[in-house]
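# return atomic coordinates for the entry below.
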Amino acid sequence: MDIHRLEVFCRVVDLQSFTRAAEASFLTQPTVSEHIRALEETLNEKLVDRLGREVLPTPAGKILYRYARNIIALRDEAIQALDRYKGKLSGHLLIGASTIPGTYILPEIIGAFKTQYPSIQITLKISDSGGIIDKIREGSLEIGMVGARWSDRRVVLEEAFSDELVLTVYSDHPWAGRESIRLDELQDEPFIMREKGSGTRMVMHQILEASGFDPARLNGVAEMGSTEAVRQGIKARIGISILSAQAVAEDVQRGTLVTVETEGVRFLRPFYLVQRKNRQISPLGTAFLGFLQTVAAERNQKPDA
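Numbers count the residues shown, from 1 in each chain. Below you'll find the predicted structure:
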């Protein structure tokens, strides 16, 4: 069975489209279709269903997809191991992160790592924490970073970097001139929520509950699927929200958004490195994970970390 065809098949499943898979593989759409047809003919099984513009794996296709992922990963691991033996580090690493670490922490670290190993390639996928955990479990990502602790025995979490969530309002909001507000005042204000599965939302709920405030009392007027959407929603005066201090730092400096303290409560949270339990990651993944851990240790030693 040709590994290149398996790679094309996995891209079709991942992207749910022959057209997008062709673009990602630098192939023509007829060539991608021919690869899938040849696989189906070899295995005597239909592997994908074409439902309008969407392409989904059949039950047989789902089975092949799991094994194909393992075959491709093992091929890459063998190449990386041989390169490392020769004193080089190469290959393609797939990692994932929730919005805040994926936007404000990992790009700089990836850049520093690539400076040391210019021949490697890293793909960073950004999703909510739940989505990243799912991809770690299924094996499509080697390493993840999320903003909430997850109760799942199939993954291993390691506390690494830190963050603080802050109550954020628009510049002419009545609270913009106040140093702090009481928690019970939150229930009277229109509040913009992150989507379910968001680490920011999960941590916010946990800290509110631990502080004696039921999150159900929040006057949720909108639910948005990204930090950026919530930021813009606050600027548009849809409501207020609690967001990462890193995400609103530039807006606060410009004066377009204002952060307000909550009396007696700080929304501190760690970020967690995530791996699939009992999964041996590739040599490239091992090297990058070690690099991440070193950077995290250095930052945590700083007085203001």
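# isn't there a helix covering residue 160?
No. With DSSP: H, G, I helix; E, B strand; the rest coil as the criterion, residue 160 is assigned strand and is not in a helix.
# pretty sure it sits against residue 272.
Yes. Between residue 160 and residue 272 there is a contact under C-beta atoms under 8 Å: 6.6 Å. For the C-beta atoms, the positions are set from N, CA and C on the backbone; glycine is no exception.
# now residue 149, what's its secondary structure?
Going by three-state DSSP: residue 149 is coil.
# residue 160 and residue 272 - which one has more neighbours?
Each of residue 160 and residue 272 has its neighbours counted (other C-beta atoms under 10 Å); residue 272 has more, 24 against 20.
# quick one: mean pLDDT for stretch 292-304?
The average of the pLDDT scores along stretch 292-304 is 77.
# no no, stretch 50-66
90.
# how about stretch 175-194?
94.
# which one is residue 189 nearest to, not counting chain neighbours?
residue 240 (5.3 Å; C-beta to C-beta, 6 or more residues apart in numbering).
# using CSV, list the CA coordinates for the helix or strand containing residue 34.
Assigned by DSSP states H and E, residue 34 belongs to helix 29-43. Extracted C-alpha coordinates of helix 29-43, given in CSV (Å, rounded to 0.1, in the frame of the first residue of the first chain):
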residue,chain,number,x,y,z
GLN,A,29,-8.2,17.3,-8.1
PRO,A,30,-8.3,14.5,-10.7
THR,A,31,-5.0,13.1,-9.3
VAL,A,32,-6.4,13.1,-5.8
SER,A,33,-9.6,11.3,-7.0
GLU,A,34,-7.4,8.8,-8.8
HIS,A,35,-5.4,8.1,-5.6
ILE,A,36,-8.6,7.5,-3.6
ARG,A,37,-10.0,5.3,-6.4
ALA,A,38,-6.8,3.2,-6.5
LEU,A,39,-6.9,2.7,-2.7
GLU,A,40,-10.6,1.7,-2.9
GLU,A,41,-9.8,-0.7,-5.7
THR,A,42,-6.8,-2.2,-3.7
LEU,A,43,-8.8,-2.7,-0.6
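# show me what it is packed up against.
When contacts are defined as 3 or more C-beta pairs under 8 Å, 6 or more residues apart in numbering; DSSP states H and E, helix 29-43 packs onto helix 3-15, helix 18-25, helix 59-85.
# now these in CSV, with distance to residue 131 and mean neighbour count?
Output for these, formatted as CSV (distance: least, C-beta to C-beta, whole Å; neighbours: other C-beta atoms under 10 Å):
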stretch, distance to residue 131, mean neighbour count
helix 3-15, 13, 19
helix 18-25, 19, 18
helix 59-85, 17, 16
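# what's the closest of the ones you listed to residue 186?
Among the helices and strands packed on helix 29-43, helix 3-15 comes nearest to residue 186, with 40.4 Å by C-beta to C-beta.
# which other residues reach that closest one?
18, 20-21, 24-25, 27, 32, 35-36, 38-39, 47-48, 55, 57, 61, 64-65, 68-69, 71-72, 75, 140 (C-beta atoms under 8 Å, 6 or more residues apart in numbering).
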